[in-house]
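Asker: Please find the sequence and the predicted model below.
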Amino acid sequence: MRLLTLVLLLFSANFVAESSAPCGNYIGDDLDHIGTCDDAKVDATDIASLQRGAQLYMNYCLGCHSLKYSRYKRVAEDLDIPLELFKENLIFGDQKLGDLITIGMEPKEAKAWFGNTPPDLTLEAGLRGPDWIYTYLKSFYVDESRPLGVNNMVYENVGMPNVLFNMQGEQRSVCREVPSKASNGGLKQDPLTGKILSIEKCGFLEIVAGTGEVTKEEFDESMRDLANFMAYMTDPAKVERETVGFYVILYLIMFTILAFMLYREFKKDLH
Amino acid sequence: MVTKIMSWFDERLPITATIERHLTKYPAPINMNIWYLAGFLLIVVLVIQLLSGIWLLMNYEPTAEGAFASIQYIMRDVQYGWMIRYMHTTGASAFFALIYLHMFRGMMYGSYQKPRELLWVVGWFTYLLLCALGFTGYVLPWGQMSFWAAQVIMSLFGSIPFIGEELLTWIRGDYLISGITLTRLFALHVVLLPLALIAVIFVHILALHEVGSNNPDGVDVKKFKDEDGVPLDTKPFFPYDIMHDLYAIGVFLIFFCFIMFFYPDGGGYVIEYVNYEPADNLKTPDHIVPSWYYTPYYAMLRAITFPLFGLSAKFLGFVVMAAGIAIFVALPWLDRSPVKSIRYKGVYSRFFLALFVLSFFVLGYLGSVAPSPIRTVLAQFFTFTYFAYFLLMPIYSKYEKCKPVPERVTLS
């Protein structure tokens, strides 16, 4: 019995021991869980959002990050963008609609410029999740100690420049006074005055007012569109898959009911 | 006319006799319960895997340069390619889930006991082949986890004293995991292993139909027969069992399709997220996790952290892991109980079987998370209890007090 208790204790300890932070040092709305990604609220059926995301991707990301497992035409068709319009506005260079979305940048040169070859992003949302991408894109801040002058709260010391700087504006990592937590989870109070005590906490992100082309809310919305587009890119068949799946399961339920009734008839023979 | 044609064939090929022996006159005990479905559903999954595998093969490219891209080609450019691939990945997980249930059924009702020892041994071979198929198939998409799982598993052979290094190079066909390794695993996965699996399953069914199905009471249904020589407590497999199985296929496929169409990643268990990145031999993933169906054995491998008798910890871990898979085959000779089914076995058998199940699940969990000192201690403890079920069986099964077994099957 003692052994069993020990085992149970050890087992429960193993759950407490580890807490992972998928979004690095990012501080979101929940101060107790630093590193929790913001919810990108991806929606594969929101075609307008996907179209805006595609536009952002082609203009800001495609210079360095290919989507080499996907084809232009498929994106245009899935996103309800007329082929001619797509070709005129979203394909740069002499690539054709049926081509894979590749880029002209040489991996070797890219490595020399950024320290690492910018990865292909077709499957990035599968690898890291759209919430991570959404939070990451919002988390660049000015850091003069870095070669490119920026750092990222989610991906520390990342080699990528903040390509959305003009749009977002100058974002800085600042410190704030926050209410101090007692070990029991409540707020710490001054024992004499009853005033809530506070401590200084750093790593909050703040945009310097008036430096960006759009407001913070508009920027967040755009990043949501971009994350949504990348989620689509990883799993382009999602909408079709779920539609087909619905009918398949509906058919199987009918089949199963009939099979059950048949089974019941045969069962009568046995008794 | 039909009878004439049939008899023409029957004189040259035993068609009618075979159908009667294996279907219309095969006596299935009437008290078989839900646990007996797993075997039938395994055949269904085998068919799913063979068919989806053939279609995947039409577009897959077994080279280090082209494998990863060809999977994405299947997922994006091949019509309904995603469906074929998800069918295969979901099928792999279903295969293991069902074979574990099937094996557990055998352990619970003593289906390995005389006269079914050989049936059990042949079944164990199918499990072994399935493990090999799962491993070789997992490498083919050539993602990060494919590569590093292959690296970890193959390097185990390198830990064998004296011959390890040479053996490892011979198995890999190269000094590291490369396109050469990929093509040989591909050849095994699509030709040799499936052929062997089909052959072994065929023998498994032949052996089953020779000795007859066991049942939850573990009593011999052939003891009491009617005037025609048909065992009393049985029903013909066709059509009675088939009707039951047809209904079960429906329920099973609803679950199967639900995962396949709505959660094809299975929360990272059916397809691991790290595999969305192509294989890169310069970049090791944070922690390397095998597919969920191997995690109990992976936990055993990692549980051995100390060298012993001049043998490395890695080699000992490899031995323990292999023993964990191999020990099932010894069950018919470890069990000394006079009764078959857990229903009539004593309290120790029940306790150790429950302990085995608990160990299997805890090890499965531990094998899927990153190691820590506490987890290693837990893995060692549960590796010990896992083996205790088998190794202490000759003692506890012999000396415990069993309940009286009824003469004929009971129906609840």
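Answerer: Now that the structure is in, tell me what you want to look at. Treat the numbers as computed from the prediction; the structure is a model and nothing was measured.
Asker: which residues touch the closest residue to B:Ala323 other than its chain neighbours?
Answerer: In this structure, B:Ala323 finds its nearest non-sequential neighbour in B:Phe387, 7.7 Å apart by CB to CB, 6 or more residues apart in numbering or on different chains. Where you see a C-beta, it was placed from the backbone N, CA and C, and this is true even at glycine. Taking CB atoms under 8 Å, 6 or more residues apart in numbering or on different chains, we find B:Phe387 in contact with B:323-324, B:327.
Asker: Go again with 10 Å.
Answerer: B:Phe387 sits next to B:300, B:320, B:323-324, B:327, B:356, B:359 when contact means CB atoms under 10 Å, 6 or more residues apart in numbering or on different chains.
Asker: Tabulate those (JSON lines), appending pLDDT.
Answerer: Formatted as JSON lines, these follow (pLDDT from 0 to 100):
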{"residue": "B:Met300", "pLDDT": "95"}
{"residue": "B:Val320", "pLDDT": "96"}
{"residue": "B:Ala323", "pLDDT": "97"}
{"residue": "B:Gly324", "pLDDT": "96"}
{"residue": "B:Ile327", "pLDDT": "97"}
{"residue": "B:Phe356", "pLDDT": "97"}
{"residue": "B:Ser359", "pLDDT": "97"}
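Asker: who wins for neighbours among the residues you listed?
Answerer: The most crowded member of the contacts of B:Phe387, judged by other CB atoms under 10 Å in any protein chain shown, is B:Met300 (28 neighbours).
Asker: Name the SS class of it, please.
Answerer: helix (DSSP: H, G, I helix; E, B strand; the rest coil).
Asker: Quick check: pLDDT value at residue 168.
Answerer: Chain wasn't specified; assuming chain A. A:Gln168 is assigned 92 on the pLDDT scale.
Asker: my question was about chain B
Answerer: pLDDT for B:Leu168: 94.
Asker: Not counting sequence-adjacent ones, nearest residue to B:Tyr298?
Answerer: If the residues on either side of it in the chain are set aside, B:Tyr298 comes closest to B:Gly367, at 3.9 Å by CB to CB, 6+ apart.
Asker: my guess is the one you found contacts B:Met300, does it?
Answerer: Yes - B:Gly367 is within contact range of B:Met300, at 8.0 Å (criterion: CB atoms under 10 Å).
Asker: Now for these two: what residues contact both?
Answerer: With CB under 10 Å, 6+ apart as the test, B:Gly367 and B:Met300 both reach B:Ala379.
Asker: what's around whichever residue of chain B sits closest to chain A, how many residues?
Answerer: Closest residue of chain B to chain A, CB to the nearest CB: B:Phe261 (2.5 Å). Residues contacting B:Phe261 under the criterion other CB under 10 Å number 24.
Asker: That one reaches A:Ile249, doesn't it?
Answerer: Yes - applying CB under 10 Å, one finds B:Phe261 in contact with A:Ile249, separated by 7.4 Å.
Asker: Find the nearest non-adjacent residue to B:His189, please.
Answerer: B:His189's closest residue in space is B:Thr136 (CB to CB, 6+ apart), at 3.9 Å.
Asker: How about B:Ala17?
Answerer: Closest residue to B:Ala17 apart from its sequence neighbours, by CB to CB, 6+ apart: B:Asp10 at 7.2 Å.
Asker: got the contact list for the residue lying closest to B:Glu61 once chain neighbours are set aside?
Answerer: Of all residues not flanking B:Glu61 in the chain, B:Ser70 sits nearest, at 3.9 Å (CB to CB, 6+ apart). Neighbouring residues of B:Ser70 by CB under 10 Å, 6+ apart: B:56, B:59-63, B:77-78, B:140-142.
Asker: just to confirm, which helix or strand has B:Ser70 in it?
Answerer: According to DSSP states H and E, B:Ser70 maps onto helix B:67-76.
Asker: now the angle from the helix or strand that that helix is followed by to helix B:67-76?
Answerer: Next helix or strand after helix B:67-76 toward the C-terminus (DSSP H and E): helix B:81-108. Put simply, helix B:81-108 runs at 100 degrees to helix B:67-76, going by axes from the mean of the first three to the mean of the last three CA atoms, to 10 degrees.
Asker: average pLDDT across helix B:81-108?
Answerer: Mean per-residue pLDDT for helix B:81-108: 96.
Asker: Check whether that helix comes near chain A.
Answerer: Yes - counting by CB under 10 Å from any CB of the partner chain, chain A is contacted by helix B:81-108 at B:81-83, B:86.
Asker: any chance of the residues you listed in a markdown table, with neighbour count too?
Answerer: Converted to a markdown table, the residues of helix B:81-108 next to chain A look like this (neighbours: other CB atoms under 10 Å in any protein chain shown):
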| residue | neighbour count |
| --- | --- |
| B:Gly81 | 20 |
| B:Trp82 | 22 |
| B:Met83 | 22 |
| B:Tyr86 | 25 |
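Asker: returning to that earlier point: I'd like to check the angle between the host helix or strand of the residue nearest to B:Tyr298 and helix B:81-108, please.
Answerer: If you go by DSSP H and E, B:Gly367 is part of helix B:347-368. Interaxial angle of helix B:347-368 relative to helix B:81-108 (the same axes, to 10 degrees): 150 degrees.
Asker: For helix B:347-368, name the packing helices and strands.
Answerer: Contacts defined by 3 or more CB pairs under 10 Å, 6 or more residues apart in numbering or on different chains; DSSP states H and E place helix B:347-368 against helix A:2-17, helix B:81-108, helix B:295-303, helix B:373-391, helix B:393-399.
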